[in-house]
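This is the structure alone, sequence omitted:
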């Protein structure tokens, strides 16, 4: 994916003191500090910086995988990118080509900002509350990883000198996936005040239009057409259609008002706006409290009345549950999540916070998608058009598989639901089996540059590999029978037909692009070949487990034998003279890149043509290095280190997927402190805005990759063939790390310090594990094993100008 | 280039009888035969077929390389594509990308139809003369290769029963390059008639808009903005600007009228239309004769008054010369051309006609371009946006170099005039030296798909090779000093910097696309490597000849030594196991294409994705096979035959450049009858509309390639290092062939029959030649040498569905 990192700069982040609870009036002085307080379970931003609002809108996004809300202010403005997203809801746009070609996708899909239910505007004695005017005495927002809410507290003096305290709390329910709830509270300070609240459902909000593509702008500007608007009492509903994609979205809101004394309440709904208006005079010390429930629904098939009914029913349920109970359910849901997924570290409190931030956002991206995709940005922003890439299966699903396995299964069920499209795409491209899209929302290929899109056939293998991993890690036989066998069979069919045995009997996969997008349309990309090998073998494996399912799919013994023949004779490019594996055939014979000349010109793709990048030994993101982790059985430890030593110095990490991939490989070959630096780069990608593009959404894969770095990197966890093994070893910056995992029916925790690791079974049956190659069975009794320290190894140097983001000087 | 051939179908062409002079009334019956009469010096079409007018507009196009007129009717309609083109005159348009990238060209250039001066409308007693109405009793048009005019004779009865004879003759002057002249004559048959003639200059004619690109349509629809319109007596002038490219075009017309009795003459000029109207009553047997002169000029810099003056001065000169003298000059010019360039054959009169048709149109494309490009379609239609590709240097210049060397020199001077752009393009792409564009009108890269555009770096080598060839063939020292050295040096600098010596000391050129566009972004394309090798060596050669020029260009001894080191260690991919050279590294290990499955799906690029084509052994057009001819010294004869036997069966000739390339290689390795069939395919590409796209313009390179097939194929002519050698051998279908050449100061003719060849010097100093490897000096006395017949060789079979177009059953 065309991921761009520019400079590894970041704003000064907060000191390491613990934070104040933002629901209380802060104790400290007038001018808030910039950036985030450090807290193990919260992310809190004090102060208000107009140039940071795009960033905080993404970081404070709430989502349950079905609905996503950017962390905008209730008052609607100031705003960088208002964003309310529904997973799978998109508009269609034309993809233009200066020179078109057979099989180029003609239509793209773009996530659209749907009806905004976040808005609650406030007038203080006729002055609109707007942080850009008057004086912000105190302002703090806080994303709480245990309550799953975004809290906010603002002390604001209007231009005419009236001071109010505003508190709000917002949630996107994990337990009721169609529901958003907000509590908004205003307290006059020092005098009685006339206050007006306007609570909106607002469609077709103005959004910043991207770059220079008039077709994309046309798709995003005013994307919705009103189909219905209605209101009654304190409830309203709006239904809209998209112009081209034929989708319908319904949003409904209802309110509970707690006003000291009388309040005038009116409501209207018309076209793109439904609004409940509350006017009240509130005495000083009193509070005007509005609780707002919003329900969303969308469909490609259901009628306007049906969708309206659906959201109104959901709303009734939410109101019946009530604000406090919704909050309690949210906490309960998260308690369970942290029980199975938490990672604790000792040695760097900000890293601890960042890890929980990462786990929380990956959960938000995938929790309740329910047979929908997990986009590269989750539902936190419009970046990448809202598309899903290979990132999901390769960086996000590993964490979910071992922590929230149900969410991983749902994502793979989504892939399975697009199998007809993937088979049609394969047929269109004269291939057998299924070819999954490089980027998509709904399942069709949306890549407008095939050398870095359609040619990235490893995406199909990645999906197959994630399927095999999921089946082995969960024993989810229902999934395997309904989806897994077919996914694996169709991907195996693709690779078996796509590659061929050459005159020397080797199985070749030619004309592809691997993870490294600075080398494209090449032969025998080793990552792709190993991923395909795994996919072919997993297909044979699942077919043997479910012969009846396989028979229904027309799988024959000959076909399975052919899959084995392809896998067993897979081409493994190796440079005998240099003594190193090749990222692809001939790679090590290519010209060297002049890193000195390009030291100030990252990301390279903005400063050099593909034409030049493709033909040289310069790597955008870990490719073969990542393969040494994913397909670790194909290499000896020495080979892995040789590969790392060769490729790390030519990999520029112009993709946010790179640091986490290099980190896990570095840890295995013994470069533990480098692994730590690289993990931190992945972990702080968004918190420190390392790629200067967090405003358009979070990098969910980089966050998921940080989980891999902890568990598979420093924990040394591997799952080859369903056999879970560990080889824990901490970097010098960490005194302690523990992580939790769910494997099939077993829940376990691994606690690691400098000299030993202790394994505990938290629930479920005993499980066979291994510690640094030594097998043991973990049952009720904890098992402690020593860790022998490694000899100090000096890692290779990165390309000049590409030093990893370091936590410590 | 994205050349498309669909089916190898063609309309039934005429019988082989000789033709009637179309200026005389035909003797035969009412309904004319379809297609062309066979005549050695003319191309005549009898009858009028609405579905063929697009085709005849291209075939009957007149051009002098500066002005091009499609062969439309004077009456303006019916018309498929009105076309008046000025070499280098274009409009700019945006190039859109679904996903853009660094270094992608943002603007394209498109040839536009300028002010049409061909139009002379006729009213016969108030009925507009239009072949679609009334009755066309007799209709014939004739392109005369010796007079350089397009004649036409029509006997037409109007819907109200009036019959007129119309005769016209049109020329685009070779001697006065800004002048077009038409004589138009109407004769009432059987009764006196009122006739009205309207002679127009018409800008912004409606043109058929291409496909589905709204930006291209926008550029082509109404491309001109009026800047001036004026008239006086029988003269008028229009000046227009383009909207975006900033070019100005002026067109002026003047007339001579010969009317029996009185005629009312009026003239007007306004905006997009200037019109002289003539109304006269003409007695039966009398003739109304209008002679029209049109002058064109365009400029990117000159003012409107300056351009107006320029075309009015040209017009005055044309009128002063007069119609008969213009015709006489035209004949004289062509006499000289045929003296130096004619090819005579015995054995197939239609082939004789087709060869002269080919030579005539190549002349028209290049004759008077004067430091302008020779586009792929010449100036015969809007195909390929009017762009120039590598075709020009590789297929057109070979003929011009040895027949009209001045025209070849002018084209190379045009390339030299774009050197600043080529150097800027190289710098933009992080390269040294000069990178010439894949497709352009004015010198900037206009390719919107870089894998088949910018990656085709052989275009720069092709230009360098044409430069070296031209210098050696002409001894044009002025050109060499002013342009040649610099062209060669900058191209050598590009390749020396672009390739690199690998760890084994071999010089590699990676990440390029060769002539075969079904294999792209590959390493060490052998054609490219050999073309670069030649370019590097020619640069060293010319630098040694002109050390002072080289010094001015900053060339050092070290640099020249490096060029030699690159050339001498060039990578030559060879498959030891298969015993054959590789089109590119690893090519022979790629998967086989299933030709049986694709037999009805040509051209493949319209039915298969590049994604699949690139990764298999399927070749769009002769690539390595063409290299065996161009760089013949790099291969033994056995190697050439092995290459032909391997690659011909996998080459689908989806490009019109392929047949002529395969033909010359086939002839060398002894497949003479196959070579003949392939030459005929090239020769009849346009006449028989083999690619079903002649309506958009002629395939000038295929026509030029047919010259190569005759002279270098059956004549065996080679020019390695300036040493002209021959190895003549005729195919069984030809009894005799002779061809003429200009080499430096010497003019010669080679006459070949089945058993011998006779060489004659027609003028100039003696010249050293060779016949089948045996050297001799040709001076005044003819030299006859025997030809030993070859053993019968069975050629390989082509891909199924790709049989060459055969002249004989």
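Done, it's in. Note that the coordinates shown come from a computational prediction; the quantities given were computed from them, not determined experimentally.

In contact with the closest residue to residue A:500 other than its chain neighbours, which residues?
Leaving out its chain neighbours, the residue that sits closest to residue A:500 by C-beta to C-beta, 6 or more residues apart in numbering or on different chains is residue B:591, at 4.1 Å. Where you see a C-beta, it was placed from the backbone N, CA and C, and this is true even at glycine. Contacts for residue B:591 (C-beta atoms under 8 Å, 6 or more residues apart in numbering or on different chains) come out as A:499, A:500, A:508, A:510, B:615, B:616, B:617.

doesn't residue A:583 fall inside a strand?
No: counting by DSSP: H, G, I helix; E, B strand; the rest coil, residue A:583 is not part of a strand but coil.

tally of neighbours for it?
30 (other C-beta atoms under 10 Å in any protein chain shown).

Show the contacting residues for it.
Contacts of residue A:583 (C-beta under 8 Å, 6+ apart): A:514, A:516, A:519, A:525, A:526, A:527, A:573, A:619, A:623, A:624, A:647.

Any stretches of chain A with poor pLDDT?
A:1-34, A:211-215, A:808-809 (pLDDT under 70).

swap the cut-off to 90 and go again
Residues of chain A meeting the criterion pLDDT under 90: A:1-36, A:46-52, A:100, A:126, A:207-221, A:261-262, A:369-370, A:789-792, A:806-809.

Can you pull up the most central residue in it?
residue A:700 (2.4 Å; C-alpha atoms, centre = their mean).

got a list of what that residue touches?
A:361, A:362, A:365, A:374, A:375, A:376, A:377, A:378, A:380, A:391, A:395, A:396.

Neighbours of whatever residue of the stretch 651-800 of chain A ends up closest to chain B, how many?
Residue of the stretch 651-800 of chain A nearest chain B, by C-beta to the nearest C-beta: residue A:654 (12.1 Å). Using other C-beta under 10 Å, residue A:654 has 26 other residues around it.

Surely it forms part of a helix?
No: counting by three-state DSSP, one finds residue A:654 to be coil, located in no helix.

so how far is residue A:438 from the nearest residue in space to it that is not next to it in sequence?
Using C-beta to C-beta, 6+ apart and skipping residues adjacent in sequence, the residue nearest residue A:654 is residue A:603, 4.0 Å away. Going from residue A:603 to residue A:438 by C-beta to C-beta, to the nearest Å gives 19 Å.

Kindly report the same for residue A:243.
25 Å.

picking that back up, the residue nearest to residue A:654 reaches residue A:656, doesn't it?
No: taking contacts as C-beta atoms under 8 Å, residue A:603 lies outside contact range of residue A:656: 10.7 Å.

quick one, which of those two is more surrounded?
More neighbours surround residue A:656 than the other of residue A:603 and residue A:656, with 29 against 20 (other C-beta under 10 Å).

my read: that one touches residue A:698, true?
No: the criterion here is C-beta under 8 Å, and residue A:656 misses it with residue A:698 at 9.9 Å.

can you pull out the helices in the stretch 501-650 of chain A?
A:526-545, A:547-552, A:557-568, A:610-613, A:624-630, A:637-647 (DSSP state H, counting those that start in this stretch).

Can I get the ones you listed in CSV including distance to chain B?
Shown next, in CSV, are these (distance: least, C-beta to the nearest C-beta, whole Å):
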stretch, distance to chain B
helix A:526-545, 12
helix A:547-552, 27
helix A:557-568, 13
helix A:610-613, 5
helix A:624-630, 18
helix A:637-647, 13
